[in-house]
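A.B. asks: any chance you can model this:
(chains A and B, ligands or ions: 2)
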Amino acid sequence: MNGRGNRPDNSARTRGPFAPWTDPDALPLVRFEAVSKHFAGVTAVDALTLDIYPGEFFALLGPSGCGKTTLLRMLAGFQTPDAGRVLLDGTDITDVAAHRRPVNMMFQSYALFPHLTVAGNVAFGLKQDGLPKDEIAARMAEMLRLLRLEGLETRKPHQLSGGQRQRVALARALVKHPRVLLLDEPLAALDKKLRGETQFELMRLKERLGLTFVIVTHDQEEAMTVANRIGVMNHGRLIQVATPSEIYEQPNSRWVADFIGDVNLIEGRIVKADAAGTTIASASVGTLRTAAVADARPGDAVAVALRPEKIRIARDMPVGDVNRVEGEVWEIGYLGDFSIYKVRLGDAFVINTAAANVTRLIERPVGIGDRVWLTWAADAGVVLTQ
Amino acid sequence: MRRGLSVFNVTSIALGLAFLYLPILILVIYSFNASRLVTVWGGWSTRWYVSLLGNEAMLEAAWISLRIAFLTACAATVLGTLAALALVRAGRFRGRLLFSGLVYAPLVMPEVITGLALLLLFVAIEIERGFWTVTIAHTTLTMCFVTVIVQARLLGFDRSLEEAAMDLGCPPLRTFITVTLPLIAPAIAAGWVLAFMLSLDDLVVANFVTGPGATTLPIRIYSEVRLGVKPEINAICTIIIGVVAAGIIVASLLTKFAGAKPAPIGGQI
Ligand SMILES: Nc1ncnc2c1ncn2[C@@H]1O[C@H](COP(=O)(O)OP(=O)(O)O)[C@@H](O)[C@H]1O
Ligand SMILES: [Mg+2]
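C.D. replies: Ligands and ions are numbered 1, 2, ... in the order given. Model prediction:
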């Protein structure tokens, strides 16, 4: 589901896992220190603290209007925080003007200069640095080759396709070798197929150039695919910062579990908690067993987050699994690679399960109205207290 | 629905154009009249254009008008562009609504009133009336037209282009010169042409504020016509019509170019 299995091999991975955020001695490249930003009555960013490490591909993920762009713009220098500090390489850059910051941004609208050619756009940033002509030419040629834009040098932006414009915008920002490349919804204007290809191209570019990328997106699949770590945001705050698989498998709250992917949230109360596991009583599903939870006490109100694909569906009563519940198939959604079964337990509660369509059989083994058994392992569900 | 023009449409267009342009056409034709009598056709000739070259008073007036129009256009373009920038860019400053109302007032103000008001001002501050007072008056008259044109262009301007320039290391002033100005240049040029034309054409305001030695072309023509229409007047008017027509064509081409949208994002792949 989370697409990380498709990640192409690269040198960073063969040298062991890349996880500077677990290293207490690692120095962050970017640090937001209790940063706040308000607009006429709206709190866009609310006392947010975040470290981003060199070489990371960091994704800011959250619903529209949660403050992602504002946070990115404070790093680019287009907005000044009302409170808090922004640090780059340990230096306070809160009051440094945008044109003096060694970070570059790729705009959601691309913001290509319509009166300049592709070459003029890409060379623009290098000219500002007053580099010698031959160095500008060499770096521009290298970047155009890297982004497959050769032969388009003399075109104007309006003579390019959407995908080409996107690559020019990327080339223009990358050619300056920024300490951090900021990408604000960079692929939103592309169609789905091109978007998928470009995600992998972004990862390759980041590795190849050895840069740090911060991407803003509301598309969780995109964040999952490209990022080393994801910061999930809501109402101007970070709710969880973790790797894509941690975010998916161990969400820290009902909100994150619900926001990322499909989930069944089963509300209940802890009955018994010990080292062997936790027993939870719920009105909808009955008694559940989950893995042990730290500082869980009997009586606590909790929710169990259960991903649809972690649930097995079968006609016959299975033996051996810890959690088992019977229900009636209510709806089936056929999605090609897998199917969603909505199973009704009792009168009201509907639980979603997903099963891969492994065989090409046209007739499905389970049909609407069938009595089925749902089973899942003790470690399939995550106990959420928040 | 049937495409093309019906008889009714063709007739109304023909009538409308005739109403607008027949008088002008007659003037142009009579400027090539060989006869000394304006109303009697005496065959084709360019003699009045040649005799115009010997009419020093008329040439002097034309030269004054052109100089005033040039200076007016330059001053009105600078001031009008600055006003447009303030209106669009400065956000919600105190008195913004009042300021925009004040900028637009001359658009609808009767010229007689503008002229009279300026005359009173010049008299009050005891400035000698002549070339410069006409130039100042024309600048007042025309800068709001520049503001309107440039403001329209600025409102459609994508601010992220300026942010992109600064992001790439370009300081704010250089960003304005290398990114903003080239993109609003067509509107500024259109404003310049319009201000030039309006100044060249003005009779009323100039009449109020002019003084000895600063007789503009329209004033000259008007005073000569009062003594009877001479064929030479037809010739000079035909030349003015040519200049104005060229100016209008240039200005509308520039505004059309200025209105052209920058490249859309996404779009055709
Ligand atoms: N320049 C601005 N002026 C006023 N409100 C703004 C401005 N920029 C952002 N906001 C508000 O701040 C909130 C966060 O916006 P934004 O950072 O763009 O969210 P996101 O990128 O996550 O969709 C929104 O409620 C938005 O309306
Ligand atoms: Mg945004």
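
A.B. asks: tell me which element residue B:42 falls in.
C.D. replies: For residue B:42, there is no enclosing helix or strand under DSSP states H and E.

A.B. asks: pLDDT wise, what is it at?
C.D. replies: Reported pLDDT at residue B:42 in the predicted model: 79.

A.B. asks: same deal with the one 3 residues further on?
C.D. replies: Here, the pLDDT recorded for residue B:45 equals 83.

A.B. asks: now it: closest residue in space that isn't a chain neighbour?
C.D. replies: residue B:34 (3.5 Å; C-beta to C-beta, 6 or more residues apart in numbering or on different chains). Just so you know, the C-beta spots here come from the backbone N, C-alpha and C atoms, and that holds for glycine as well.

A.B. asks: check residue B:213 too.
C.D. replies: Per C-beta to C-beta, 6+ apart, closest to residue B:213 is residue B:130, 5.8 Å.

A.B. asks: picking up where we left off before, and the residue nearest to residue B:45, how many residues sit next to it?
C.D. replies: Residue B:34: 14 surrounding residues under other C-beta atoms under 10 Å in any protein chain shown.

A.B. asks: any idea how far residue A:301 is from it?
C.D. replies: Distance of residue B:34 to residue A:301, given as C-beta to C-beta, to the nearest Å: 107 Å.

A.B. asks: where does the nearest residue to residue B:89 once chain neighbours are set aside sit, in terms of helix or strand?
C.D. replies: Excluding the flanking residues, the one nearest residue B:89 by C-beta to C-beta, 6+ apart is residue B:154, at 7.2 Å. Per DSSP H and E, residue B:154 falls inside helix B:131-155.

A.B. asks: any regions of chain B where pLDDT drops low?
C.D. replies: Scanning chain B with the threshold set as pLDDT under 70 gives B:1-5, B:91-92, B:257-269.

A.B. asks: and the helices in it?
C.D. replies: Using DSSP state H, the helices of chain B run over B:7-31, B:47-54, B:56-89, B:96-108, B:111-124, B:131-155, B:159-167, B:172-175, B:181-201, B:204-209, B:217-226, B:231-259.

A.B. asks: the stretch 101-250 of chain A too?
C.D. replies: A:118-128, A:133-146, A:162-174, A:192-209, A:220-226, A:244-249 (DSSP state H, counting those that start in this stretch).

A.B. asks: mind putting those into a markdown table with mean neighbour count and distance to residue A:378?
C.D. replies: Output for the helices of the stretch 101-250 of chain A, formatted as a markdown table (neighbours: other C-beta atoms under 10 Å in any protein chain shown; distance: least, C-beta to C-beta, whole Å):
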| stretch | mean neighbour count | distance to residue A:378 |
| --- | --- | --- |
| helix A:118-128 | 22 | 55 |
| helix A:133-146 | 15 | 49 |
| helix A:162-174 | 24 | 46 |
| helix A:192-209 | 16 | 35 |
| helix A:220-226 | 23 | 26 |
| helix A:244-249 | 20 | 14 |
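
A.B. asks: grab the nearest non-local neighbour of residue A:252.
C.D. replies: On the basis of C-beta to C-beta, 6+ apart, the spatially nearest residue to residue A:252 that is not a chain neighbour turns out to be residue A:240, at 4.7 Å.

A.B. asks: contact partners for the one you found?
C.D. replies: A:231, A:232, A:247, A:251, A:252, A:253, A:256 (C-beta atoms under 8 Å, 6 or more residues apart in numbering or on different chains).

A.B. asks: if we can go back for a sec, can you redo the helices of the stretch 101-250 of chain A as CSV with mean pLDDT and distance to chain B?
C.D. replies: Formatted as CSV, the helices of the stretch 101-250 of chain A follow (pLDDT from 0 to 100; distance: least, C-beta to the nearest C-beta, whole Å):
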stretch, mean pLDDT, distance to chain B
helix A:118-128, 91, 3
helix A:133-146, 90, 13
helix A:162-174, 91, 4
helix A:192-209, 86, 7
helix A:220-226, 89, 16
helix A:244-249, 89, 27
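
A.B. asks: what about the residue nearest to residue B:213, distance to ligand 1?
C.D. replies: 51 Å (C-beta to the nearest ligand atom, to the nearest Å).

A.B. asks: what is the neighbour count of that residue?
C.D. replies: Residue B:130 has 17 neighbouring residues, counting by other C-beta under 10 Å.

A.B. asks: near ligand 1, which residues of the stretch 151-300 of chain A?
C.D. replies: Contact residues, the stretch 151-300 of chain A versus ligand 1 (C-beta under 6 Å from any ligand atom): none.

A.B. asks: swap in 8 Å and give it another go.
C.D. replies: A:184, A:185, A:216, A:218, A:233, A:236 (C-beta under 8 Å from any ligand atom).

A.B. asks: next up, phi/psi of the nearest residue to the fourth one once chain neighbours are set aside, please.
C.D. replies: Read that as residue A:218. Leaving aside its sequence neighbours, residue A:218 sits nearest to residue A:64 (C-beta to C-beta, 6+ apart; 5.6 Å). Dihedral angles phi and psi of residue A:64 (degrees, to the nearest 10) take the values phi -60, psi 130.
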